[in-house]
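1. structure for this input, please:
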Amino acid sequence: MQNKILVVEDEVSIRGFLKINLQRNNFLVIEAGSGEEGLSKAIIEKPEIALLDVMLPGINGFEVCKELRKILPNIGIIMLTAKSQDMDKIMGLEFGADDYMVKPFNPMELILRIKALLRRLDKKDTLDKDENLIEFYPFKLDIYSQKAYKNDLELDLTPKEYMLLKIFIENPGKAFSRDELLNVIWGYDFIGDTKIVDVNIRRLRTKIEDCSSQPKFIETVWGTGYRWSKDEKH
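-> Numbering: from 1, shown residues only. Below is the predicted model:
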């Protein structure tokens with residue numbers, strides 16, 4: 001049985017190039033030229049893998065990725081981007097992508113990554129529950145349930161606070177600017193003040209720090225933003 005691959009790419013030439021190479025490797029290709037069309041076809045066709053261009057007309061690839069993860073939790077998602085900045089990679093993974101490739105890429109490498117992702121998806125049901133956990137003492141994040149714990153006690157976090165905690169724990173020591181956090185958590189199209197980042201950081205600190213006025217985990221990087229302390233011996 002052929003695996004279905006959804007290709008969401010607005011440039012006809014690139015979409016055609018991807019289709020030819022995927023069909024040569026015995027994949028059934030479903031095409032979409034916009035994010036909205038991609039979501040509609042995903043609901044009907046239920047593909048195993050989605051290839052998403054980041055820059056799409058209408059809703060962008062990050063938003064498509066987020067919605068796909070809601071409607072098809074087990075789908076494999078690979079982001080296709082013309083940029084090589086770390087933030088695009090981080091954003092794609094934060095929105096639920098499994099992998100990413102930077103254009104221009106070798107089509108054979110893409111095929112190999114798709115096949116590797118399919119193998120991982122096949123094994124997903126047999127994975128131990130602990131595979132869904134991200135740990136940074138004394139914190140644990142359950143990715144499946146999107147719950148966070150400190151010293152095994154559940155934290156009462158909002159979705160935005162959970163996402164902030166997750167990106168910090170997954171990138172210890174990395175300094176994030178307010179704009180980067182705003183783009184990752186609230187999205188590129190957010191219209192508002194960057195102070196919303198500071199407000200949510202303050203609220204998160206009151207819930208995870210022993211003393212929010214003397215934070216040990218979320219450090220302030222003056223003139224830049226925030227970072228998660230690398231020290232696990234707090």
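
2. what are the boundaries of the strands in the chain?
-> For the chain, applying DSSP state E gives strands covering 4-8, 28-32, 49-53, 76-81, 99-102, 133-136, 139-142, 147-150, 153-154, 176-177, 218-221, 225-228.

3. right, and those strands - which one's nearest Asn21?
-> strand 28-32 (9.6 Å; C-beta to C-beta). (Glycine included, C-beta is placed from N, CA and C.)

4. what's around Ile196, how many residues?
-> Neighbour count of Ile196, defined by other C-beta atoms under 10 Å: 16.

5. could you chop this structure up by domain?
-> What automatic domain parsing lists as the domains of the chain is 4-126, 129-228.

6. OK, contacts around Ser34?
-> The neighbourhood of Ser34, defined by C-beta atoms under 8 Å, 6 or more residues apart in numbering, consists of Val8, Asp10, Leu56, Pro57, Gly58, Ile59.

7. ok so, going back, in TSV: the strands of the chain, plus mean neighbour count and mean pLDDT.
-> As requested, the strands of the chain are exported to TSV (neighbours: other C-beta atoms under 10 Å; pLDDT from 0 to 100):
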stretch	mean neighbour count	mean pLDDT
strand 4-8	24	95
strand 28-32	19	94
strand 49-53	26	95
strand 76-81	23	90
strand 99-102	17	86
strand 133-136	14	84
strand 139-142	18	90
strand 147-150	17	93
strand 153-154	10	94
strand 176-177	20	89
strand 218-221	15	94
strand 225-228	20	92
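
8. now these in a markdown table, with distance to Glu161?
-> Shown next, in a markdown table, are those (distance: least, C-beta to C-beta, whole Å):
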| stretch | distance to Glu161 |
| --- | --- |
| strand 4-8 | 30 |
| strand 28-32 | 34 |
| strand 49-53 | 27 |
| strand 76-81 | 24 |
| strand 99-102 | 26 |
| strand 133-136 | 15 |
| strand 139-142 | 12 |
| strand 147-150 | 8 |
| strand 153-154 | 13 |
| strand 176-177 | 15 |
| strand 218-221 | 11 |
| strand 225-228 | 13 |
